[in-house]
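Trainee: Quick one, fold the following:
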Amino acid sequence: MTNTLRVALFTDSFHELNGVGTLSREFVSFTRNHNLAFCCVHAGPTTRAYREGSLLQLELKRSAASFPLDEGLYCDPLLSRYRNRVLDQLRSFDPDIIHITGPGDMGVLGFWVSNNLKRPMAASWHTNLHEYASRRLEKVFSFAPCSIRNRVTSVAERQSLRALMSFYAMAHFVFAPNAAMVEMLQASTRRPSYLMSHGVDFSRFSPTLRAGKKGPFCIGYVGRLTPEKNVRYFAELERRLVAAGHNDFRMLLVGDGCEREWLRKNLHFADLPGVLEGDSLAAAFAGMDAFVFPSATDTFGLVVLEAMASGVPVIVKEQTGARVQVCDGVAGFVADDLTDGVMRLMNCVALRRSMGEEARRFAVAKGWSSVFEDVYRNYDLALTRDEVRRRMNPRVAPSKAAHAF
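Mentor: Next comes the predicted model:
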């Protein structure tokens, strides 16, 4: 692949173990491998700038004033102290597009740089933050009567969504990880909207790591252990399985978060090893017999794709964006009642095997290279739009951008 566009990515997660962090690292790897002019601005343990061929990375150390947004994810209200340093580097890099991953501290810095350099800005939607606000307030107001709690969370979700749409409307074009979100962003922001899917490293996540697996049926989950992920559902799942006469099973809940202690106290068939990465994470996926994803707020669910690449049948809720990856009854189940799917897999080895094979077959067609090739095609498409061309770097003619591959 060849492309003349110069892209600067401002990402709120890079070293962090989450979907945006994985996507950002894979984006950098893709541009490095294809010798594309790319700048990535992200947080890290030190403040430094380093080059590798056509790749420039700017790492900014967050201050002591940073506050946690989630497990391992922080926001620094003083990050603007770096703006002149970053602006000098970006002037030298001379990007055609500024791409931000959301309204966090890095995204706000990227927005400021875009305005200062008068370059078009792309903003990608990765997280349903408005639903996160609602789920967390629901926990905070758990003491209140149901009618009051529902009213508070409904208002919070509605106002949060309005604020998010106002932020994304400041971009010149936007990306989202599933078709439903693309349609919603297009309607709400009136900006050109494009699909930015996720991929998977199917050489790392593989069923070959499962060789010789023995023991009880393993129900797996990987992700943050937080209210918006609906992880307390696993207590209900355990209760219903035991009531149905099943006791030869274990739950492997990988990750960390504010719900971890509650899960430890309320689950009797669960192992909670904390955060895993690298080979340990790949082995954990491969050892699962079913991957259960109870979240209704995720826009994509990268971990679902990683489970599928590992040859594991997946069970997801109808309300989650992760459902777009799962053909119900083929590679897993899409349902409101996740427990029924778990029981069907527990009771039929042949079904587990066939669904695992279909899951793997689906995942190997979702490599990261095809994801980012599509992103660059959509950059090119966006740059032909009149509303974007008004802020284009004059040296990138529309005809050149549209035929850069």
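
Trainee: C-alpha from now on. contacts and neighbour counts both.
Mentor: Noted.

Trainee: I'd like to know how far the residue in the chain sticking out farthest from the centre sits from Met346.
Mentor: Centroid-distance maximum for the chain: Gly245 at 36.5 Å, with Cα atoms, centre = their mean. Separation of Gly245 from Met346 (Cα to Cα, to the nearest Å): 12 Å.

Trainee: so what are the domain limits for the protein?
Mentor: Using automatic domain parsing, the domain parsing of the chain gives 7-199+367-402, 207-363.

Trainee: mean pLDDT lowest for which of these?
Mentor: Out of the domains of the chain, domain 7-199+367-402 stands lowest, with a mean of 86 (criterion: mean pLDDT).

Trainee: Off-centre distance for that one?
Mentor: In this view, domain 7-199+367-402 has its centroid 12 Å away from the chain centroid, taken as Cα atoms, centre = their mean, to the nearest Å.

Trainee: start the count at 8, not 1, going forward
Mentor: In the new numbering, first residue 8, that becomes domain 14-206+374-409.

Trainee: what about Arg39, neighbour count?
Mentor: 17 (other Cα atoms under 10 Å).

Trainee: That one is in what secondary structure piece?
Mentor: helix 26-40 (DSSP states H and E).

Trainee: who touches that helix?
Mentor: 18-23, 44-45, 47, 59-62, 108, 133, 205, 308-310, 375-376, 379 (Cα atoms under 8 Å, 6 or more residues apart in numbering).

Trainee: List buried residues within these.
Mentor: 18-23, 44-45, 47, 62, 108, 133, 205, 308-310, 375-376, 379 (16 or more other Cα atoms under 10 Å).

Trainee: and the host helix or strand of Asp347, what does it pack onto?
Mentor: Following DSSP H and E, one finds Asp347 within helix 345-354. Packed against helix 345-354 by the contact rule (3 or more Cα pairs under 8 Å, 6 or more residues apart in numbering; DSSP states H and E) you find helix 240-250, strand 297-300, strand 321-323, helix 356-370.

Trainee: from the chain's centre, how far out does stretch 12-29 sit?
Mentor: Worked out by Cα atoms, centre = their mean, stretch 12-29 lies 10 Å from the chain centre.

Trainee: end-to-end on it?
Mentor: Stretch 12-29: ends 23 Å apart by Cα to Cα.

Trainee: just stretch 258-278 next, same as before
Mentor: Taking Cα to Cα, stretch 258-278 runs 6 Å from one end to the other.

Trainee: Spatially, what comes nearest to Leu358 if we skip its sequence neighbours?
Mentor: Computed as Cα to Cα, 6 or more residues apart in numbering, the closest residue to Leu358 that is not its neighbour in sequence is Leu352, at 6.4 Å.

Trainee: any idea where the helices of the stretch 108-257 of the chain begin and end?
Mentor: 112-124, 136-147, 153-175, 186-196, 240-250 (DSSP state H, counting those that start in this stretch).

Trainee: tell me which residues in stretch 271-288 are buried?
Mentor: Neighbour counts over stretch 271-288 (16+ other Cα under 10 Å) mark 274, 276-277, 279, 281-283, 288 as buried.

Trainee: In helices only, show me the residues you listed.
Mentor: Among these, the ones falling in helices (DSSP state H) are Leu288.

Trainee: Put together JSON lines for the buried residues of stretch 271-288, with distance to Arg231 on each row.
Mentor: Output for the buried residues of stretch 271-288, formatted as JSON lines (distance: Cα to Cα, whole Å):
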{"residue": "Leu274", "distance to Arg231": "17"}
{"residue": "Phe276", "distance to Arg231": "19"}
{"residue": "Ala277", "distance to Arg231": "16"}
{"residue": "Leu279", "distance to Arg231": "12"}
{"residue": "Gly281", "distance to Arg231": "10"}
{"residue": "Val282", "distance to Arg231": "9"}
{"residue": "Leu283", "distance to Arg231": "12"}
{"residue": "Leu288", "distance to Arg231": "14"}
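
Trainee: Looking at the buried residues of stretch 271-288, spot the one nearest Asn91.
Mentor: Val282 (36.1 Å; Cα to Cα).

Trainee: ok, that closest one touching Asp263?
Mentor: Yes. Between Val282 and Asp263 there is a contact under Cα atoms under 8 Å: 6.0 Å.

Trainee: shared neighbours of these two, which are they?
Mentor: In contact with both Val282 and Asp263: no residue, using Cα under 8 Å, 6+ apart.
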